[in-house]
Structure formats: C-alpha cells, structure tokens
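>>> Next come a sequence and a model predicted from it.
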Amino acid sequence: MTGRSAAGAVLLEVVVALAILALAGVLAVSGTSQAMTSVRLAREREEAISAASRFLDRVALWPREDLDRRLGRRRQGPWILVTSRPVETLYLVSLIDSATSETLVETALYRQGADTDAGG
C-alpha cells in the first residue's frame, strides 16, 4: 500500500468509527427519552389512581340513601361514577377515567337493608 492509499484507508476507518459512535449516541438518547416518557406516564397514572382512590374512600362513607340517589352512570369531576345494586344490601361502585374510559378503581359496599335500618 502506498502512503496515500494507507492514509485514505485510515480516514475511511475513522469516518466509519465516527458513524458508529454517532449511531450509538442517537440510540442512547432515544432510549433515555423513551424511558423518561414511560416514567412520566407511570407517574401520571399513579396520581390519577390515587386521586380516584381518595374519592372512592369518601364514597364508601355515603349512606345507602346517597348511594341509591347515584345509581347508574354519571359524570363526577374527571371521572364517570358507576353505581349499581345487584342485591338489596350490596352496591358496586366504579370510577372510570372519562378521557380514556379505563376503570381506575372499583369496590363493593355493604349497606343494611332498608327494612332493617329503622327497626334495629
């Protein structure tokens, strides 16, 4: 190999090495960006579930009259509150994210029957 062709080969090797290094850097930045997005979305979901859970804690304190008034599906702040009563003493309550239609939290609540409330 002549000096000129050897210098050209070295230059080509340097260019290829720099291209590989640049690609690795781009992939690292892209991976980091995706990880940060995933962490942000997980935090937002955790906050949404936590807020829904706090509201459901308050719903759990409602007497049966309040639960009866809210039977069905209705808008409740950023959620859709779904309340059903499959049997006399059991209420099923769900909070659904109104933006995504995803169920965030749900529970079953027991309340004494209406005929046993007054008589003891």
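Alright, I've got the coordinates. Numbering: from 1, shown residues only.
>>> wait, Val59 sits on Leu92?
No. The criterion here is C-beta atoms under 8 Å, and Val59 misses it with Leu92 at 11.5 Å. Placement of C-beta: from N, CA and C, glycine included.
>>> Determine the residues that are contacts of both of these two.
Leu109 (C-beta atoms under 8 Å, 6 or more residues apart in numbering).
>>> Look at the two and report which has more neighbours.
Set Val59 next to Leu92 and count neighbours by other C-beta atoms under 10 Å: Val59 wins out with 19 against 13.
>>> Quick check: the more buried one vs Gly8, distance?
Val59 is 76 Å from Gly8, where distance means C-beta to C-beta, to the nearest Å.
>>> Next up, the contacts around Gln112.
64, 89.
>>> ok, now how distant is it from Thr83?
For Gln112 relative to Thr83 (C-beta to C-beta), the value is 17 Å.
>>> how about stretch 87-94 as CSV, C-alpha atoms only?
Provided in CSV are the C-alpha atoms of stretch 87-94 (Å, rounded to 0.1, in the frame of the first residue of the first chain):
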residue,chain,number,x,y,z
VAL,A,87,-78.9,-7.2,45.6
GLU,A,88,-80.6,-5.3,48.4
THR,A,89,-77.5,-4.9,50.6
LEU,A,90,-74.7,-4.7,48.1
TYR,A,91,-73.5,-1.8,46.0
LEU,A,92,-70.9,-2.0,43.3
VAL,A,93,-69.1,1.3,42.7
SER,A,94,-66.5,2.0,39.9
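>>> which parts of that stretch are buried?
91, 93-94 (16 or more other C-beta atoms under 10 Å).
>>> for the residues you listed, which one is nearest Thr37?
Ser94 (28.4 Å; C-beta to C-beta).
>>> check contacts around that closest one.
Contacts of Ser94 (C-beta under 8 Å, 6+ apart): 81-82, 103, 105-106.
>>> secondary structure element for it?
Here Ser94, judged by DSSP states H and E, is contained in strand 90-97.
>>> Return the list of strands paired to the following helix or strand past that strand, each annotated with direction.
Remark: after strand 90-97, the chain's next helix or strand is strand 103-110, criterion DSSP H and E. Strand 103-110 pairs in its sheet with strand 90-97 (antiparallel), by DSSP bridges.
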